[in-house]
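S.K.: Kindly return the folded structure for what I paste below:
(one chain, ligands or ions: 3)
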Amino acid sequence: MTALTLSTAGAATLRADAIVVGVAKGARGPVVAPGAEAVDTAFDGKLAAVLETLGATGAEGEVTKLPSPSGIKAPVVLAVGLGTVPEQDHAFAAETLRRAAGTASRVLAGAKKAAFALPIEASEDAEAIAEGALLGAYAFTAYQSGDRKDAKAPLAEVALLGAKPRDKAYKAAAERALAVTEELNRARDLINTPPNGLTPEIFANLAAAAGKEHGLKVQILDEKALVKGGFGGIAGVGQGSENPPRLVKLTYTHSKDAKTLALVGKGITYDSGGISLKPAGHNETMKCDMSGAAAVFAAVIAVARLGLAVNVTGWLALAENMPSGTAIRPGDVLRMYSGKTVEVLNTDAEGRLVLADALWKASEEKPDAIVDVATLTGAMVVALGNRTFGVMSNDEAFRTAIHETAEEVGEQSWPMPLPADLRKGMDSPTADIANMGERMGGGLVAGLFLQEFVGEGITWAHLDIAGPAFHESAPFGYTPKGGTGSSVRTLVRLAERIAAGDLG
Ligand code: BES
Ligand code: MN
Ligand code: ZN
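M.R.: Numbering: from 1, shown residues only. Ligands and ions are numbered 1, 2, ... in the order given. Presented below is the predicted three-dimensional model:
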């Protein structure tokens with residue numbers, strides 16, 4: 001785990017393996033960003049010119065490594081691009097700082113300590129830089145050995161210069177950044193863990209241990225309890241696997257008077273498609289199909305660590321979707337926890353089945369709002385691409401609020417509709433509803449299915465994170481290859497907004 005310190009040391013005197021400075025795109029070439037004045041002085045005020053000679057422009061994502069001149073203790077100066085210089089009286093956007101810091105941490109993997117001398121005007125800037133630096137300092141090496149593992153070791157220490165260590169707002173910002181990023185990185189670990197290393201049972205036990213460590217109430221329903229309790233969706237999806245399903249409930253209670261937010265996560269530890277088997281090329285990354293549950297888990301623990309004034313329950317619907325002689329078949333009818341029957345037309349539409357039970361269970365407690373998170377449909381990836389999650393809701397104001405909350409924390413999302421006309425595609429001759437409908441608008445069809453399992457009158461939103469949950473191309477900013485921790489920051493900020501009385 002990476003340590004975070006707010007340092008009062010000068011950029012020149014601080015001992016570190018590297019000092020990170022910002023370079024922006026000015027009208028006439030690169031400009032050194034505020035925060036790096038002392039470093040620039042050590043270059044006789046010619047840092048921008050040196051950077052330009054080396055080809056730097058200040059574009060976002062750009063990195064330039066250069067040896068330090070005498071007068072700077074750290075042997076390396078790392079200049080990260082911040083994009084166009086903001087207009088007068090404007091600061092750099094938080095997400096720009098977050099990404100630049102993340103890029104720096106990634107490039108510095110293998111080093112021990114980095115000092116960040118990026119522009120800080122307020123505690124929010126320090127928080128964004130800390131978040132980016134700590135999220136960029138992430139590597140999943142649990143299954144690697146030797147030199148390769150060492151070379152990728154994330155930074156052991158991130159020191160922020162220009163933050164005020166004795167100022168309350170800065171202290172709180174650092175604390176929040178640590179809590180959120182440590183839990184988010186833990187979610188990434190879970191997502192990246194191969195499916196033979198993370199079964200529903202193992203996930204449930206990990207959640208129980210972490211929950212207890214942070215003073216949460218933890219309840220687990222095992223496969224017997226699920227069958228006995230009538231959870232036909234979770235038990236059904238799980239029945240084809242040697243690794244039986246679980247439903248985990250994590251409860252963080254602040255007080256009786258506080259609002260209650262229920263979070264529900266899709267936790268398919270491996271999605272083979274079941275009897276409707278996915279073809280090769282579509283199942284290699286399906287260890288990521290528990291990203292929703294990982295996000296919910298991380299968010300609940302982060303909320304508890306921050307002691308937010310809101311009650312939060314986290315529901316992890318955990319199962320492995322496998323084909324076997326005991327697996328559900330296309331054509332089977334399941335009786336769900338809500339009492340509704342579902343004709344399973346495609347066993348690969350399993351996420352909605354486990355979520356339906358968890359949503360109905362969560363609804364019984366009449367929370368003020370329910371948000372579910374799921375890698376639910378390939379259709380949402382087709383619609384919104386690999387970096388944006390879809391937001392659907394039975395309440396337009398809530399949908400807007402979530403979209404805006406995501407934007408505030410630097411996550412890309414987009415509001416999507418739940419068109420009533422798509423419901424008839426799920427009409428079943430045998431059961432109350434089928435688990436599949438029209439192919440076109442498949443992400444919305446899935447949302448409409450879920451909506452039927454939300455208790456009457458409860459505000460609900462559904463985040464389909466199938467696109468951004470797992471990053472397969474080159475890393476960028478603070479986003480590594482593999483599990484990203486998509487939606488964790490949105491969920492935590494949403495809890496904070498509810499705690500602050502910002503929402504309804
Ligand atoms: N886990 C998948 C969705 C998915 C696809 C997640 C790509 C991440 C990346 C889900 O269980 C699934 O298989 N959905 C089907 C539903 C269809 C059979 C109605 C899909 O989207 O093809
Ligand atoms: Mn599936
Ligand atoms: Zn799935």
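
S.K.: dump the residue contacts of the residue of the stretch 151-300 of the chain at minimum distance from ligand 3.
M.R.: Nearest residue of the stretch 151-300 of the chain to ligand 3: Asp271, at 3.7 Å (C-beta to the ion). C-betas here are computed from N, CA, C, even on glycine. For Asp271, the contacting residues are Lys278, Asn283, Met286, Asp289, Asn321, Asp348, Glu350, Gly351, by C-beta atoms under 8 Å, 6 or more residues apart in numbering.

S.K.: Equivalent analysis for Gly425, please.
M.R.: Listed by C-beta under 8 Å, 6+ apart, the contact set of Gly425 reads Gly437, Glu438, Val445.

S.K.: measure the second one to Ile129 for me?
M.R.: Looking back up the chat, that one is Glu438. Distance of Glu438 to Ile129, computed by C-beta to C-beta, to the nearest Å: 46 Å.

S.K.: Bridged to the closest residue to Thr479 other than its chain neighbours, which residues?
M.R.: Closest residue to Thr479 apart from its sequence neighbours, by C-beta to C-beta, 6 or more residues apart in numbering: His471 at 5.5 Å. On the basis of DSSP bridges, His471 takes part in beta bridges with Gly482.

S.K.: tell me the strands in the stretch 401-504 of the chain, going along the chain?
M.R.: With DSSP state E, counting those that start in this stretch as the criterion, the stretch 401-504 of the chain has strands at 413-415, 433-434, 459-464, 470-471, 482-483.

S.K.: which of those strands sits most buried?
M.R.: Among those, ranked by average contacts under mean count of other C-beta atoms under 10 Å, first place goes to strand 459-464 (a mean of 27).

S.K.: Partner strands of it and their direction?
M.R.: For strand 459-464, pairing defined by DSSP bridges yields strand 369-374 (parallel), strand 389-393 (antiparallel).

S.K.: For Ile129, list the residues it contacts.
M.R.: Leu97, Arg98, Ala101, Phe116, Leu118, Ile120, Leu160.

S.K.: can you tell me which residues contact the nearest residue to Lys259 once chain neighbours are set aside?
M.R.: Spatial nearest neighbour of Lys259, chain neighbours left out: Asp368 (4.5 Å); criterion: C-beta to C-beta, 6+ apart. By C-beta under 8 Å, 6+ apart, the contact list for Asp368 reads Lys259, Thr260, Leu261, Thr459, Ile498, Gly504.

S.K.: please redo it, this time with the cut-off set to 7 Å
M.R.: The contact partners of Asp368, by C-beta atoms under 7 Å, 6 or more residues apart in numbering, come to Lys259, Thr260, Leu261, Thr459.

S.K.: Is it correct that Leu160 is in contact with Ala130?
M.R.: Yes. Here Leu160 reaches Ala130: they are 6.1 Å apart, a contact under C-beta atoms under 7 Å.

S.K.: per-residue confidence for the residue of the stretch 401-504 of the chain found nearest ligand 2?
M.R.: In the stretch 401-504 of the chain, the residue that lies nearest ligand 2 is Ala466 (9.9 Å; C-beta to the ion). Confidence at Ala466, expressed as pLDDT, is 98.

S.K.: Which helix runs longest in this protein?
M.R.: helix 168-192 (DSSP state H).

S.K.: Mind giving me the packing neighbours of the helix or strand that it is followed by?
M.R.: Of the helices and strands lying after helix 168-192 in sequence (DSSP states H and E), the nearest is helix 200-213. Applying 3 or more C-beta pairs under 7 Å, 6 or more residues apart in numbering; DSSP states H and E, we find helix 200-213 packed against strand 217-221, strand 246-252, strand 260-271, strand 311-321.

S.K.: among those, which is nearest Phe389?
M.R.: strand 260-271 (12.7 Å; C-beta to C-beta).

S.K.: Pairing partners for that closest one, with directions?
M.R.: strand 311-321 (parallel), strand 369-374 (parallel).

S.K.: Adding mean pLDDT, write those strands out as JSON lines.
M.R.: Putting the strands paired with strand 260-271 into JSON lines (pLDDT from 0 to 100) gives the following:
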{"stretch": "strand 311-321", "mean pLDDT": "99"}
{"stretch": "strand 369-374", "mean pLDDT": "99"}
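
S.K.: Arg98 in helix, strand or coil?
M.R.: The local conformation at Arg98, judged by DSSP: H, G, I helix; E, B strand; the rest coil, is helix.

S.K.: which non-adjacent residue is nearest it?
M.R.: Using C-beta to C-beta, 6+ apart, the closest residue to Arg98 is Gly132 (3.6 Å).

S.K.: Contacts only, for that neighbour.
M.R.: Applying C-beta under 7 Å, 6+ apart, we find Gly132 in contact with Leu97, Arg98, Arg99, Ala100, Ala101, Gly102, Gly477, Tyr478.

S.K.: Pull the number of nearby residues for the closest residue to ligand 1 within the stretch 251-400 of the chain.
M.R.: Nearest residue of the stretch 251-400 of the chain to ligand 1, counting by C-beta to the nearest ligand atom: Gly378, 3.5 Å away. Gly378 has 15 neighbours, counted by other C-beta atoms under 10 Å.

S.K.: cool, Val77 as well?
M.R.: Val77: 26 neighbours (other C-beta under 10 Å).

S.K.: Return the per-residue confidence for it.
M.R.: Reported pLDDT for Val77: 98.

S.K.: Kindly report the same for Ala327.
M.R.: Ala327 carries a pLDDT value of 98.

S.K.: swap in Ala122?
M.R.: Ala122 carries a pLDDT value of 96.

S.K.: Quick one: closest of the strands paired with strand 459-464 to Gly240.
M.R.: Closest among the strands paired with strand 459-464, using C-beta to C-beta: strand 369-374, at 19.7 Å.

S.K.: which residues touch the following helix or strand past that closest one?
M.R.: The helix or strand immediately downstream of strand 369-374 is helix 378-384, counting by DSSP H and E. Residues outside helix 378-384 that contact it (C-beta under 7 Å, 6+ apart): Gly390, Trp414, Gly441, Gly442, Gly443, Asp464, Ala466, Gly467.

S.K.: what about the closest residue to Val80 other than its chain neighbours, neighbour count?
M.R.: Nearest non-adjacent residue to Val80, counting by C-beta to C-beta, 6+ apart: Ala100, 4.3 Å away. Using other C-beta under 10 Å, the number of residues around Ala100 comes to 35.

S.K.: separation between Ala100 and Gly83?
M.R.: Taken as C-beta to C-beta, the span from Ala100 to Gly83 is 9 Å.
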